[in-house]
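>>> sequence and predicted structure below; questions after.
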Amino acid sequence: MDRIKHAFASKRNLLNTYFTAGYPSLHDTIPLAKALVEAGADILEIGMPFSDPLADGPVIQGSSSVALANGMNLPVLFEQLQGLRAAVPETPVLLMGYLNPVMQFGVEEFCRQAAAVGVDGLILPDLPLDEYEEFYQETFKKHGLKAVFLITPQTSEERIRRLDSLSEAFLYLVSGPGTTGGTTLPDAEAQEKYFERIAGLKLRNPRLIGFGIADKAGFDRACGHAEGAIIGSALIRALEDATDAPAEAARFVRGIKSA
Amino acid sequence: MTPTTSYQQPTTRGYYGQFGGAFVPEMLFPNVEELRTQYLEIMADPAFQAELQALLRDYVGRPTPLFEAKRLSAKYGTRIFLKREDLCHTGAHKINNTVGQILLAKRLGKTRIIAETGAGQHGVATATVCALMGLPCVVYMGAIDMERQAPNVARMRLLGAEVRRAESGSQTLKDATNEAIRDWIANPVDTHYIIGSVVGPHPYPDLVARLQAVISEEMRKQLLEKTGTELPDFVVACVGGGSNAAGAFYHFLDEPSVRLIAVEAAGHGIHSGHSAATSVLGTPGIIHGSKTLLMQDEHGQITEPYSLSAGLDYPGIGPLHAYLGEVGRSEFIAITDDEALAAVAELSRLEGIIPALETAHALAALGQLGAGPDDVVVVNLSGRGDKDLETYLKNMDKLV
């Protein structure tokens, strides 16, 4: 069963929540996954912390540092994810992170273990398209892992079509210029035009909008232009001072998904 | 006949052997691609070259002298020449690159410049050319480096640049580079990022090496004049990211008789846990968009390098240097903080030249070359020591 395809076929206005593995404390990974899904999250994106996350803003830089200081690394993460499918049987789960830790772990072994614990796909923002096609695609496919690619307002149509043809999950529409968790108000008019331009391309993959989506209003607006949205930094911020992180995460998701 | 290969040229995708490439998030792809598809054409344009050469001559002060250091030569029993990059405008080789890149930025229609800086020399060199061209300039600098290189922070501000403090991670050059890259992600259309070394995604390592190559181009002419041959026996340069070494090596890369010596910062000692000797401590990985040797833990997290010198404490090296070392075309020597400080004192007393702390690492390697009386050694004197006076004063016991 393709959990990603099934989710997009059976639901509308999908909420993909990102959180950093090992944050706020080392063993929160599985309890958070379970709480997020039970509260209504439709897709989970689990961040593999990295010392130098170039595409991330201060919030995820911070959660990554804390997670690393807590002792999170790929062997620990895969150990924790042994319990993933018992906690969230149906929900698509993606691992998001940077290429270097994956390279050091070994790409083949990384894919093997990810598939074995029930991960559906990977988001590696600094893995370039050419490198993916030449060196990674085959390994990903062999283990049934779907690659998710980012599209930005500057991505050319030719390149969008190429990314669309290579993807079997969804396309990650970066909402505007900037790293994750941006706080400056984007140019709403330019953004609408960009979303409409992408919608007009009639791509084969569904789209989720991410970067700077922080609340229910932002989520609802994004759902007007795509199949759903991705929220990360705002969730991490909510967990910062939480005494009960899973309960806080559930409260956050219910706030986004409330009618 | 087999085609001639050159160490100078990366592949079209920016690889030197297994090192290089452009590992950038999609947000940066258009910026990097714009640069990649245009830099060679722009740099080959005679009008660009005329403007660049005029600025190098009249503004930077090129050619810089090649000085025969006779008292230093007597001490080491070999013939030592110093390539005086410390006499460039702003006091270091860094401006060779920023002059070229600002002209490139203008031709790309960019209206805003960003840069990272470690010791502050590249930041000053960038702020300088931005003032010259009337472009706004933001320089990212690690919070710790802002403390230890305060005079350069003041210089940048005086030149009209905004200096932004990088507070993440180790708060040094690596983190300043992260912040500059994030700025570029947020400002993809109007901004050009002037990287200060032969690091980062392709085409930066090649672009910066080409702009610094003027150093070895001049060396060859000057050596011919002074020694009767263009080729020395040794070229010695310090390596953090490796831009001055790339420039000093460039026109000797395909001359196998010339030994190329890259000098790294060993900090308190290579295996002391406080070092920046990447060629020894590094393993292949990805840093700042480039596959190269870098200092990292077993899980691929980038570790914090250490050197007393703010210009050498970078956890990676340029992919060209990783490749030259791997194939044996260059040789690495590591020099500790104390050895570098001793070399500062030595050059100051013997030749009346106070070198930058980074440069002093190259000078400290002179005793380890095994150069004989008939050998010609060129040390790239990459920068002057004014910016390091405070560090030197604090370590006066090691200098006297």
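Received the coordinates, thanks.

>>> what's the burial count for B:Ala50?
10 (other C-beta atoms under 10 Å in any protein chain shown). Every residue, glycine included, has its C-beta placed from N, CA and C.

>>> which stretches in the stretch 51-200 of chain B count as helices?
Using DSSP state H, counting those that start in this stretch, the helices of the stretch 51-200 of chain B run over B:70-76, B:94-107, B:121-133, B:143-148, B:150-158, B:173-186.

>>> same thing with the stretch 1-150 of chain A?
Counting by DSSP H, counting those that start in this stretch, the helices of the stretch 1-150 of chain A are A:3-10, A:29-39, A:58-70, A:74-80, A:84-87, A:99-105, A:107-117, A:129-131, A:137-142.

>>> distance of the residue in the stretch 301-400 of chain B that chain A sits nearest to relative to B:Leu159?
Distances between the stretch 301-400 of chain B and chain A by C-beta to the nearest C-beta are smallest at B:Gln301, namely 4.2 Å. Applying C-beta to C-beta, to the nearest Å, the value for B:Gln301 to B:Leu159 is 36 Å.

>>> ok, now B:Arg349?
33 Å.

>>> higher neighbour count, these two?
More crowded of B:Arg349 and B:Leu159, by other C-beta under 10 Å: B:Leu159, with 20 against 12.

>>> which one of the helices of the stretch 51-200 of chain B lies nearest to chain A?
Among the helices of the stretch 51-200 of chain B, the nearest to chain A by C-beta to the nearest C-beta is helix B:173-186 (4.2 Å).

>>> wondering if that closest one reaches chain A at all.
Yes. Helix B:173-186 is in contact with chain A by C-beta under 8 Å from any C-beta of the partner chain, via B:Lys174, B:Asn178, B:Ile181, B:Arg182, B:Ile185, B:Ala186.

>>> the second one reaches B:Glu167, doesn't it?
No. With contact defined as C-beta atoms under 8 Å, B:Asn178 does not count as touching B:Glu167 (10.9 Å).

>>> helix or strand for B:His299, just tell me which one.
B:His299 belongs to no helix or strand when assigned by DSSP states H and E.

>>> chain A contacts on the stretch 201-350 of chain B?
Residues of the stretch 201-350 of chain B lying near chain A (C-beta under 8 Å from any C-beta): B:283, B:285-289, B:296, B:298-303.

>>> okay if I get those residues as TSV plus distance to B:Gln49?
Output for those, formatted as TSV (distance: C-beta to C-beta, whole Å):
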residue	distance to B:Gln49
B:Thr283	40
B:Gly285	37
B:Ile286	34
B:Ile287	32
B:His288	29
B:Gly289	28
B:Gln296	40
B:Glu298	48
B:His299	47
B:Gly300	42
B:Gln301	43
B:Ile302	38
B:Thr303	41
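
>>> pull out the buried residues from these.
Buried members of these, counted by 16 or more other C-beta atoms under 10 Å in any protein chain shown: B:Gly285, B:Ile286, B:Ile287, B:His288, B:Gly289, B:Gln296, B:His299, B:Gly300, B:Gln301, B:Ile302, B:Thr303.

>>> where in the chain is pLDDT low?
Reading this off chain A. Counting by pLDDT under 70, chain A contains low-confidence ranges at A:183-186.

>>> other chain: chain B
B:1-5.

>>> the nearest residue to B:Ala364 once chain neighbours are set aside: which element?
Leaving aside its chain neighbours, B:Ala364 sits nearest to B:Ala343 (3.8 Å; criterion: C-beta to C-beta, 6 or more residues apart in numbering or on different chains). For B:Ala343, the element it lies in under DSSP H and E is helix B:337-351.

>>> sorry, back to before: for the residue of the stretch 301-400 of chain B closest to chain A, what are its contacts?
A:Phe50, A:Ser51, A:Leu68, A:Asn73, A:Pro101 (C-beta atoms under 8 Å, 6 or more residues apart in numbering or on different chains).

>>> isn't the third one up against A:Ser51?
Yes. Assessed by C-beta under 8 Å, A:Leu68 is found in contact with A:Ser51 at 6.6 Å.

>>> what residues are up against the closest residue to B:Tyr76 other than its chain neighbours?
Once flanking residues are discounted, B:Tyr76 sits nearest to B:Leu366: 5.1 Å by C-beta to C-beta, 6+ apart. With contact set as C-beta under 8 Å, 6+ apart, B:Leu366 has these partners: B:Leu72, B:Tyr76, B:Thr78, B:Ile80, B:Val236, B:Ala343, B:Val377, B:Val379.

>>> so A:Leu173: helix, strand or coil?
Each residue gets one of three states, and A:Leu173 gets strand by DSSP: H, G, I helix; E, B strand; the rest coil.
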